[in-house]
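Enquirer: give me a model of this one.
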Amino acid sequence: MIKQTKKILDDINYLNNIFTDLLEILPSFKITDKKVLPYGLKPHTRSVSWLVEQVITQQLKYNRNKLKIDKVFFDLSDTCLHDCEIRSKNETYFVNIKVHNMATKENKNDIAAVEKLYMQYSSNSNYNLIYVCFGIHFENIIVKFDTAYLVLFSPQFMPIYINPRNDKIQAFYHHESKYRTRQEFLDLLKNSSKSIIL
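Expert: Numbering: from 1, shown residues only. A predicted model of the protein is given here:
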């Protein structure tokens with residue numbers, strides 16, 4: 001196994017331990033008041049995913065001492081590929097949060113815009129994005145985290161399917177990793193995309 005591949009797998013393992021511990025801390029939360037939504041909230045992941053992401057990243061920062069993390073940054077641009085940066089052990093980990101509604105079966109999801117991923121990976125050799133996927137349950141106006149569901153993966157090791165309609169990589173959160181070098185990953189993105197013009 002090449003050094004870079006091992007580094008990504010070590011990062012995933014390290015982050016998996018942090019987010020497994022965080023799952024034991026994460027609170028259930030109300031989206032609104034029953035007076036506002038007397039018939040409850042329609043279970044729709046996309047409608048709450050940004051809010052769920054805020055809960056996760058803020059709880060991560062708030063509990064950083066318990067989780068043995070030095071720093072967490074989440075006040076990032078909306079165009080940023082990652083939702084937060086974790087600084088620990090003289091390393092920076094770039095994390096993107098994804099959400100899955102546990103009441104539905106898993107389908108292929110849009111993971112990232114190909115061009116943005118290509119540009120970030122080609123311009124910054126130290127950039128390694130890790131996706132962290134959480135499961136949630138809708139209970140009327142309450143969102144609860146599923147403590148048994150946590151999936152982490154690197155886009156570099158995903159099976160690559162690019163949706164021709166929007167030029168975004170699509171994948172199941174649960175998938176078999178396909179280990180490839182960074183250059184192989186970049187070549188695959190470039191050759192599969194309509195939006196990357198060099």
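Enquirer: contacts and neighbour counts: CA atoms only from here.
Expert: OK.
Enquirer: could you work out the end-to-end span of stretch 156-169 for me?
Expert: 11 Å (C-alpha to C-alpha, to the nearest Å).
Enquirer: apologies, that question was intended for stretch 31-45.
Expert: Taking C-alpha to C-alpha, the first and last residues of stretch 31-45 lie 13 Å apart.
Enquirer: low-confidence ranges in this protein?
Expert: Residue ranges of the chain with pLDDT under 70: 1, 194-198.
Enquirer: what about the longest helix in it?
Expert: When the chain is parsed with DSSP state H, its longest helix is helix 3-23.
Enquirer: contacts for the helix or strand following it next, please.
Expert: Next helix or strand after helix 3-23 toward the C-terminus (DSSP states H and E): strand 29-30. The contact list for strand 29-30 (C-alpha atoms under 8 Å, 6 or more residues apart in numbering) reads Ile141, Ile142, Val143, Lys144.
Enquirer: the first one contacts Asp33, correct?
Expert: Yes: assessed by C-alpha atoms under 8 Å, Ile141 is found in contact with Asp33 at 7.4 Å.
Enquirer: in terms of neighbours, single out the busier of the two.
Expert: Relative neighbour count places Ile141 above the other of Ile141 and Asp33, with 19 against 11, counting by other C-alpha atoms under 10 Å.
Enquirer: how many other residues sit next to Gln170?
Expert: 20.
Enquirer: phi first, then psi, for it.
Expert: In terms of degrees, to the nearest 10, the main-chain angles of Gln170 are phi -120, psi 140.
Enquirer: okay, it and Tyr121: tell me how far apart.
Expert: From Gln170 to Tyr121 the distance is 18 Å (C-alpha to C-alpha).
Enquirer: where's the residue lying farthest from the centre of the chain relative to Leu41, distance?
Expert: For the chain, the residue at maximal distance from the C-alpha centroid (C-alpha atoms, centre = their mean) is Lys35, at 33.1 Å. Per C-alpha to C-alpha, Lys35 is found 12 Å from Leu41.
Enquirer: hmm, back to that, who touches the longest helix of the chain?
Expert: By C-alpha under 8 Å, 6+ apart, helix 3-23 touches 59-60, 67, 93, 128, 130, 145-147, 150, 152-154, 179-181.
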